[in-house]
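Engineer: With the input below, show me the fold.
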Amino acid sequence: MATRHLLGDLAARAADAGFGLLEIESVGGVDAARRVAAGEPFDLVFLAADALERLAAAGHVDAASVTPIAVSQVAVAVPAAGSIDGPAFADAAGVREALRAATRIGFSTGPSGTALLALIEEWGLSAEIGGRLVQARAGVPVAQLLADGEVDLGFQQLSELAGQPGIRILGVLPRDCAIDTVFAGAVTTDSRAARALLAFFGGRAAASVVRAHSFDPPA
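Structural biologist: This is a model prediction of the structure:
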């Protein structure tokens, strides 16, 4: 779901470049991986790179076709009327203190939420703040939890926080505790058209679209 708007604009750019129309169905990553593994007939699948690697290992997508599309950074946000001031945190110590000070902490399903929980465990904070962690319900973004006052500190991919009402983004996580997710695509069928389209999505011509959606192009 994190890439649905990006993929829509990339598909439009590809159509303008003569690749034809691509019909995209956006669902949660777990559901997408399950459906591909079950053998549903798709030409392409777009998921976090580690999920694609698992599908490739099981023979559900062509491992040689896996193509990075965008790099997504996790950001920190607060309610627009929140009491936390300041720009992005300077280092991991600042993030830890913010976690310890927060009353309720929102995080997402998917790879960014899993990585945040691992980071909290690594810092030895699970017992201290575990009861204050609020995982966003299916279909509910962390930004909505913040805007509705359900949490006072939220973590989610920048692309999903950007432009959402009722919140203030403090910045992406600092490099010493950054959580980056590489979204990639892979071919599920032996289709020349699908391979060419995927190469376009991961190429230089698509980089401006990637940046416009608050992602970074792959290196």
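
Engineer: Run through the residues that contact L6.
Structural biologist: 69-70, 159, 209-210, 213, 215 (Cβ atoms under 8 Å, 6 or more residues apart in numbering). For the C-beta atoms, the positions are set from N, CA and C on the backbone; glycine is no exception.

Engineer: now the helix or strand containing it: mean pLDDT?
Structural biologist: Taking DSSP states H and E as the definition, L6 sits inside helix 4-16. Helix 4-16 shows a mean pLDDT of 95.

Engineer: Counting neighbours, which bits of the helix or strand just after that helix end up buried?
Structural biologist: Sequence order places helix 29-37 as the next helix or strand after helix 4-16, per DSSP H and E. The neighbour-count check on helix 29-37 (16 or more other Cβ atoms under 10 Å) flags 29, 32-33, 36 as buried.

Engineer: for the chain, what spans make up the helices?
Structural biologist: Here the chain has its helices, by DSSP state H, at 4-16, 29-37, 49-57, 92-101, 111-122, 126-129, 142-147, 158-161, 192-201, 207-212.

Engineer: For L173, find the nearest of those.
Structural biologist: Nearest to L173, of all those, is helix 92-101, at 6.4 Å by Cβ to Cβ.

Engineer: Longest strand in the protein, by number of residues?
Structural biologist: In the chain, taking DSSP state E as the definition, the longest strand is strand 67-79.

Engineer: Tell me how far that strand lies from the chain's centre.
Structural biologist: The chain centre lies 6 Å from the centre of strand 67-79; the measure is Cα atoms, centre = their mean, to the nearest Å.

Engineer: which residues sit in contact with P141?
Structural biologist: Counted by Cβ under 8 Å, 6+ apart, P141 has contacts 108, 156, 160-161, 164.

Engineer: Take the residues you listed and lay them out in a markdown table including neighbour count and pLDDT.
Structural biologist: Shown next, in a markdown table, are the contacts of P141 (neighbours: other Cβ atoms under 10 Å; pLDDT from 0 to 100):
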| residue | neighbour count | pLDDT |
| --- | --- | --- |
| S108 | 25 | 90 |
| Q156 | 30 | 94 |
| E160 | 25 | 90 |
| L161 | 24 | 92 |
| Q164 | 17 | 93 |
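
Engineer: Mind putting those residues into CSV with distance to L133?
Structural biologist: Supplementary listing: the contacts of P141 in CSV, determined by distance: Cβ to Cβ, whole Å:
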residue, distance to L133
S108, 11
Q156, 13
E160, 18
L161, 18
Q164, 20
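
Engineer: Tell me where the model's unsure across this structure.
Structural biologist: 82-88 (pLDDT under 70).

Engineer: try 80 this time
Structural biologist: Applying pLDDT under 80 to the chain flags the ranges 1-2, 81-88, 110, 138-139.

Engineer: Report the buried residues of the helix holding L6.
Structural biologist: 5-7, 10-11, 13-14.
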